[in-house]
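> build me a structure from this.
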Amino acid sequence: MSTLEEMLNRVKIYNTSGYYDRQDQRNVKQKLLSFKASLQNSYQAEWIRRLGADLKVDWSRRFRCLLNPDKLKESYDMKELSIEKSYGENNWKNGDYFYWDRNNLIDNASTVAEDELDTSGSIWLIYMQDQAEEAYFHASARRCDHFIPVNDKLYPIYMRGPSQMNLELGKQQGLEIADMSYVLHFYITDNEETKAFFERLKIVKFGGHRWRVSAVDRITMAPDKLYNKEVEEGVITIYLEEYPDNEMEDAMQEPEIIGPDITETHIEGPQTIKYNKEYTYSLVGDAVPADEFKVSSSKVQIVRSDSESCTLKIPKMVRFNEKFILSYGGIDLEILMTVA
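The predicted structure is shown next:
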């Protein structure tokens, strides 16, 4: 038996699944084995936990991963996350949050009393997956040092700024006034709630001040449909600009708008009519009294009428706007005749 035949037999023996028939597939398998070994021996091997849909840490399970340093500055911390691939609901993707600490070392920490848990760890946002890595999930992650309120939830965000783009000075009554020019931007997970909440020109409260949304970028970090056909979420970038604070407007409550009660019997139709056009009105409701339609003005003609509806017309042009009443069995509707 030749050397090549012996090598082929060894490949067949160790490749029981039949997947690693090509050289590149065997390379992926060897890299995965090396990665699993590094999870046990590397200094960068860590435990992380997911954040659920309620943005709370899932203490019931932890995951082994590598967190390699990338960039560390006073305003941001970036790391490279490497973790074994999962499938279904546990699939890792852009826009996922995870919690990292070195204190809660037991696997299922949900059995520990809440006041005994050490929550001094940090929350991270996965924002850029390396699609070329086939052996395991590899992506860049950024530490979220701030939270922004979205409806009744606090979303972790990675923020840059505020910074001043330009300084514009104006004079008024001898005083120099600097126009508002501070801007900031942040990354946040892209889901149905954040999609609906962040719209251009919306006023948001952050850091004790008001900011206005100047742009929403859902394209740059959108999910790659070529690799993740079923993934809709990703990461969106929100750009904010400085906006004047107004305590009175913040404390103002929106008035409750109460519409008309359409459950009672009423006349339904246009409330403004014009010369030489026909308009139809109908009775709506369960208890409709037996009567006939009547108008309070001689300038209005009832063209057709029955027990459920009528048609009105102004046969002659009116000189000025005038109101009249259309009634049926004690039910009235005020209508305006207009000149034009």
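
> next up, phi/psi of the nearest residue to residue 57 once chain neighbours are set aside, please.
Computed as CB to CB, 6 or more residues apart in numbering, the closest residue to residue 57 that is not its neighbour in sequence is residue 99, at 4.6 Å. Every C-beta, even on glycine, is put in place using the N, C-alpha and C of the backbone. Taking degrees, to the nearest 10, you get phi -110, psi 130 for the backbone angles of residue 99.

> and residue 99, how far from residue 55?
Using CB to CB, to the nearest Å, residue 99 is found at 10 Å from residue 55.

> name the residues contacting each of these two.
Listed as contacting both residue 99 and residue 55 by CB atoms under 8 Å, 6 or more residues apart in numbering is no residue at all.

> those two: which has the busier surroundings?
Shown here are residue 99 and residue 55; by other CB atoms under 10 Å, residue 99 has more neighbours (21 against 15).

> tell me the spacing between the more buried one and residue 63.
Taking CB to CB, one finds residue 99 at 11 Å from residue 63.

> residue 143 too?
Residue 143 sits 18 Å away from residue 63, going by CB to CB.

> can you report how many residues lie near residue 142?
Neighbours of residue 142 (other CB under 10 Å): 22.

> quick one: residue 199 and residue 216 touch, right?
Yes: counting by CB atoms under 8 Å, residue 199 does reach residue 216; the two are 7.0 Å apart.

> tell me which of the two has more neighbours.
Taking other CB under 10 Å, residue 199 and residue 216 do not tie; residue 216 has more neighbours (17 against 9).

> need the contact list for the more buried one.
198-200, 236-239.

> where do the strands sit along the stretch 151-300 of the chain?
153-164, 169-172, 175-178, 182-190, 203-206, 209-217, 234-242, 266-268, 272-273, 278-284, 294-295 (DSSP state E, counting those that start in this stretch).

> quick one: mean pLDDT for the third one?
Just to be clear, that refers to strand 175-178. Averaging pLDDT along strand 175-178 yields 52.

> let me have the strands of the stretch 151-300 of the chain in a markdown table, extended by distance to residue 338.
A markdown table is the format used below for the strands of the stretch 151-300 of the chain (distance: least, CB to CB, whole Å):
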| stretch | distance to residue 338 |
| --- | --- |
| strand 153-164 | 50 |
| strand 169-172 | 46 |
| strand 175-178 | 48 |
| strand 182-190 | 49 |
| strand 203-206 | 39 |
| strand 209-217 | 40 |
| strand 234-242 | 44 |
| strand 266-268 | 19 |
| strand 272-273 | 6 |
| strand 278-284 | 12 |
| strand 294-295 | 16 |
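
> how about the nearest residue to residue 202, chain neighbours excluded?
Counting by CB to CB, 6+ apart, residue 202 lies nearest to residue 213, which is 4.7 Å off, once chain neighbours are set aside.
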